Structure formats: C-alpha cells, structure tokens
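A.B. asks: A predicted structure for the sequence below; I have some questions about it.
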Amino acid sequence: MNLVVGIGLRSGTSYRELRDLVDAALAAAGGGDVRTVVTVDGKETEPGLQRLAASLNAVLQTASADELARQSVPTPSQQVARLRGTPSVAEAAVVLTGAELLVTKRRSINATAAVGRLHAAPGYPPTEREVVHRVLAERRDVRRGFVDKPIADEVLMRVLESAHRAPSVGLSQPWDFLLIRDLATRRKVHDLATAQRDAFAASLPPDRRQAFDGLKIEAILDTPLNIAVTCDPGRGGRHVLGRHADPRTTWFSAAIAIQNLWLAARAEGLGVGWVSFFEPGEVAAVLNLPAHIELVGYLCVGHVEQFAPAPELVRSGWAARRPLAWAVHHEEWGRRSSSPEDDAAQASGEAVAVGMQRVRLVIDGDPEEHLGEPDVLVVLLGPDRPLADFGVLWRPARTPVEAVELGVEVARDLALQGVGQLAVQVVEESERADAFVRGLRAGARACGVKDFQA
Ligand SMILES: Cc1cc2nc3c(=O)[nH]c(=O)nc-3n(C[C@H](O)[C@H](O)[C@H](O)COP(=O)(O)O)c2cc1C
C-alpha cells in the first residue's frame, strides 16, 4: 500500500518524537510503504523532519498555507489557523496529495501527523513537476545566436544518455548518434541544405517567397557540433515485439530519441536546431553511412545567447500554433468540445491568420491541369485516394455535415500557415462541394482571413 504522511510541527521538533508519532500512526493505518511526507512551506529545512523522510525512504514535499487552507478536513483547528494561516497542516497535507485519509490527526507534544493511502503511484511534487513542464514549453528549435563556447564532454554525455533512454519498439533501440565536428564535412552538408533551400524558395509563390527569404533554416556552420541521428530498420532481428504489424514504429522510436535529446539539451542550456532541408540519401552519402543505415534527423547543437519565448516561425509571422482544442476528439473523429462550425460561428475573427499569403483553392479539379501555378491547392472531396502530392489536399467528405467541418478545418489550417487571402473555384458542382465551401467561408471568417472569394 502506498502511503502519504502529513506532518505539522514546531521548529526544533526532534527526529525521535516525530518517528514515534509517525510509527504509531502507521500502525493504526495497518502498515504500508510511505512514499511521501508532506508539510507546510518553510518546514522542509527542519533536521528532524528531513531525517524522518530519509529514514522512511520517502520524498519530502511541501505545500503553501494557502493551498492547505483550501482542503476540506475532518479536524480543523482555529488555533492552528491563527498560527499557521491554515486550519490544518497534517490532514490537509494528506488530502492535498489526492490520498484517502486513513488516520486522522494524531498529536505529540510538538507535532501532528495524519496518514493517507494513495490509490495510484504519486507524480512528482509540484515544484519538480513544474520543471518538467517548463522544459517541454521552453524547448526551442534554435538557428541563431550561437555563442563561441565549447560543449563540455560531460554535458554532451548527459544529453546523449537521455536520448539513449528513449522508448523504442520492442526495445530495439534503432538509433545511433554520429557526432560531426569536422568543418569540411559540415561544409558539404551545408551545401546540400543550401541547394534544397533554393529549390524550396523557387517552388513558392512570390509573396510567400519574400517571407521565406528572411528566415534562417539551419545553423550547420554556426554550431560546434552537428549530430546525425540515424535509424537501423533491421535492428533487433526478425521478431521485434510490436513492430511486425507497423514497421513505422522503428522510425518513430528514433524520432523520440531526438526529442529526448532536444529536451535534455534545453535543460543543459544547449540550443538544438533540426535541419530537414535534405534528400536523406545525399546526406547519407556525404557521411559515408552504410547502405542499411538511414538518416532520421540532422541536428545543429551549441550554446546560445538565449532561448526565444516562442517558436521563430511564430515570431516571424510565418505560421501560428494550433489551439489544443482543435486537436482533441472525443470518442469519435470530429467530435470535439465544440463543433468546428459552432466555433467558427462564434469566433469574431480575432484571428489566427498571421499573414497575407494568397491561396487559390480548386475544388474537385484535375491536379494536372491546375498545379502549374504555385499558389494553387487542389482539394479533392471524393472517396478515392489521389496520388501523393503536396499540391493536392484529399478531404473525403462522407456526409455534407462532415464536408462543412472539413471546410472549416482547411481554412483554419491554411490561416495557421500564413494564408490571409483565399480564392475558391469549384470545378464540379455538388452538394458536398457546396457544403465544403460553406465551411471554408465560416472558418476563414473565424480565423481572420481578410479576403475570401468564392
Ligand atoms: C522533423 C522536423 C524537421 C524540422 N526541420 C527544420 C528545418 O529544416 N529548418 C528549420 O528551420 N526548422 C526545422 N524544424 C523546426 C520547426 O520549425 C520548429 O520545431 C517549429 O517551428 C516549432 O518551433 P519550436 O521547436 O521552437 O517550438 C524542424 C522540426 C522538426 C520536428
């Protein structure tokens, strides 16, 4: 049984007094493993309490008097409220962790104790939890502001250890980390990225191209270390558990290792920029990789002046972040907290639209006929999957209602990618095309797309 012990105490209370009090309370609870000892902020430095937590092999955690005062407990005390700013410390501390109170407040001369049962393993204490969420929020893709400071070996090893601890399908650990410091090699890789940058720029409509020209997309030569993260699809042999039905899980595993690396690097103050402006085989050739090894990610790593508060693509107005509510479906695809159409109707155009890129949507048109123009996106609403092409958006609407919702979503997604003007042309009139255009109109209005023509 996982137990939590709440303790209130006067300063200087001895370990012996606390231990006797807690032992009696634990006996009354019927025994179990104490995972956490909780007290009020400020008491965590008490030597007797620290020794108690250590002797129980438990985490010592604190809560503020305000947090404790918000808990509902069986035996509140006015006197404690006057002294501590909360009517209960021991019981409230137990309740605050989400535990079920098993033994209510017991007293010794200088302390109180209560015991609760945790029905599930506890998470981290709040301050440690915040650090985890903070590193997730403050990880950035960094391409600018690298400083001339070498990466200490022990720092790099800690980062690689964390990457190497990633989950992997069947524990196949398909990744490897090729550390590249050599300038001549980095120059060759840089040339490949420059060529792909030029190719991408040439594919853009003029307005988008101008915005792209201001963006930095790699830091291959600005960083002291590049890391090529690779995947060996055959790692683990024939019968890797969990891979047989979905081989993509091997590449997922390698990608997760990169995320671990990225987060650990952030915690160490190291900036990481992922560069994917490559045809992976060309990088593999420059790096002389064995033919069975595939490139998953190419990372530029170094110390930085600062970590920006938001993604560079957001700060530059290239793209916007997608609200979480748009990404969460309940039980059935498309069932969100509120329907996209209702969202769209209620929104006042306060805008995710971040740019003025113009896109011409050609609904149910022939891709071959229309894709010559770089600002065209062909949308196909029929049930047959078209050939893969980023210029073709397949949205197989099963019903007119779904067509409306898909229309809202497409308008939203385009607005997130800097589209501020939408011109719509329906090639083949149909009920679903009509519904889709209604959705587009609503979504465009809701997202602040300035110019909508249909
Ligand atoms: C698979 C992948 C490939 C990426 N490729 C590039 C790239 O080639 N160049 C670039 O500037 N950023 C690249 N990025 C970084 C994204 O632009 C960045 O993660 C996104 O804008 C969000 O910003 P943040 O990582 O700072 O939160 C890549 C990110 C991922 C996950």
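C.D. replies: Perfect, I can see it now.

A.B. asks: quick one: contacts for Ala193?
C.D. replies: Ala193 is in contact with Ile217, Glu218, Ile220, Val275, Phe277, Phe278, counting by C-beta atoms under 8 Å, 6 or more residues apart in numbering. Glycine gets a C-beta too; all of them are placed from N, C-alpha and C.

A.B. asks: Ala139 contacts Ala264, correct?
C.D. replies: You called it Ala, but residue 139 is Arg. No - contact criterion C-beta atoms under 8 Å: Arg139 and Ala264 do not qualify, at 9.7 Å.

A.B. asks: the more surrounded of those two?
C.D. replies: Ala264 (21 against 18; other C-beta atoms under 10 Å).

A.B. asks: Now the more buried one. Nearest residue, chain neighbours left out?
C.D. replies: Ser162 (3.6 Å; C-beta to C-beta, 6 or more residues apart in numbering).

A.B. asks: Now do the helices in the stretch 201-350 of the chain.
C.D. replies: 206-213, 248-267, 280-286, 312-315, 324-327, 340-346 (DSSP state H, counting those that start in this stretch).

A.B. asks: packing partners for the second one?
C.D. replies: Helices and strands touching helix 248-267, as assessed by 3 or more C-beta pairs under 8 Å, 6 or more residues apart in numbering; DSSP states H and E, comprise helix 126-138, helix 153-164, strand 175-180, strand 225-231, strand 270-275, strand 294-303.

A.B. asks: now for stretch 272-285, what's the gap between its first and last residues?
C.D. replies: The first residue of stretch 272-285 is 23 Å away from its last residue (C-alpha to C-alpha, to the nearest Å).

A.B. asks: what residues does that stretch touch?
C.D. replies: Outside stretch 272-285, the residues that touch it by C-beta under 8 Å, 6+ apart are 141-143, 189, 192-193, 196-197, 200, 217-220, 223, 228, 258, 261-262, 265-266, 293-295, 297-301.

A.B. asks: So which of those reach the ligand?
C.D. replies: The subset of those within reach of the ligand, by C-beta under 6 Å from any ligand atom, is Asp141, Arg143, Ile217, Glu218.

A.B. asks: So Arg360 sits against Pro374, correct?
C.D. replies: No - Arg360 is beyond contact range of Pro374, at 10.0 Å (criterion: C-beta under 8 Å).

A.B. asks: what about these two, which has more around it?
C.D. replies: Neighbour count, other C-beta under 10 Å: between Arg360 and Pro374, Arg360 has more, with 18 against 15.

A.B. asks: In terms of secondary structure, what does the helix or strand containing the more buried one contact?
C.D. replies: In this structure, Arg360 is located in strand 357-363 according to DSSP states H and E. The contact analysis (3+ C-beta pairs under 8 Å, 6+ apart) places strand 357-363 against helix 206-213, strand 376-380, strand 419-426, helix 431-447.

A.B. asks: right, and those - which one's nearest the ligand?
C.D. replies: Nearest to the ligand, of all the helices and strands packed on strand 357-363, is helix 206-213, at 10.6 Å by C-beta to the nearest ligand atom.

A.B. asks: Is the closest one in proximity to the ligand?
C.D. replies: No - residues of helix 206-213 are not located near the ligand by C-beta under 6 Å from any ligand atom, the shortest gap being 10.6 Å.

A.B. asks: Now do the same contact list for the residue in the chain positioned nearest to the ligand.
C.D. replies: Residue nearest to the ligand within the chain (C-beta to the nearest ligand atom): Pro311, separated by 3.0 Å. Residues near Pro311 by C-beta under 8 Å, 6+ apart: Arg140, Asp141, Ala319, Arg321.

A.B. asks: burial count for the residue nearest to Ile227 when sequence neighbours are not counted?
C.D. replies: Excluding the flanking residues, the one nearest Ile227 by C-beta to C-beta, 6+ apart is Leu299, at 4.5 Å. Residues near Leu299, counting by other C-beta under 10 Å, number 24.

A.B. asks: Against Ala257, how distant is Leu299?
C.D. replies: 11 Å (C-beta to C-beta, to the nearest Å).

A.B. asks: what residues are shared contacts of these two?
C.D. replies: Val229.

A.B. asks: which residues touch the strand holding Arg360?
C.D. replies: Contacts of strand 357-363 (C-beta under 8 Å, 6+ apart): 205, 207-208, 211, 370, 373, 375-379, 381, 410, 414, 417-428, 433, 436-437, 440, 451.

A.B. asks: Could I have the CA atoms of it written out in CSV?
C.D. replies: Taking Å, rounded to 0.1, in the frame of the first residue of the first chain, the C-alpha atoms of strand 357-363 are listed here in CSV:
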residue,chain,number,x,y,z
GLN,A,357,-0.4,34.8,-48.4
ARG,A,358,-2.9,34.2,-51.2
VAL,A,359,-4.0,30.7,-52.0
ARG,A,360,-6.4,29.6,-54.8
LEU,A,361,-8.4,26.5,-53.8
VAL,A,362,-9.6,24.5,-56.8
ILE,A,363,-12.2,22.1,-55.6
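
A.B. asks: and it with strand 376-380, angle?
C.D. replies: Between strand 357-363 and strand 376-380, the angle comes out at 30 degrees (axes from the mean of the first three to the mean of the last three C-alpha atoms, to 10 degrees).

A.B. asks: model confidence over strand 357-363, on average?
C.D. replies: Strand 357-363 carries an average pLDDT of 95.

A.B. asks: One more: stretch 415-428?
C.D. replies: 94.

A.B. asks: Is it in proximity to the ligand?
C.D. replies: No - using C-beta under 6 Å from any ligand atom, we find that stretch 415-428 stays clear of the ligand, coming within 11.3 Å at best.

A.B. asks: So the chain: which segments form each domain?
C.D. replies: When the chain is parsed with automatic domain parsing, its domains come out as 2-123, 139-315, 324-453.

A.B. asks: Make a markdown table out of those domains and add distance to Val131.
C.D. replies: Below are these laid out as a markdown table (distance: least, C-beta to C-beta, whole Å):
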| stretch | distance to Val131 |
| --- | --- |
| domain 2-123 | 13 |
| domain 139-315 | 8 |
| domain 324-453 | 21 |
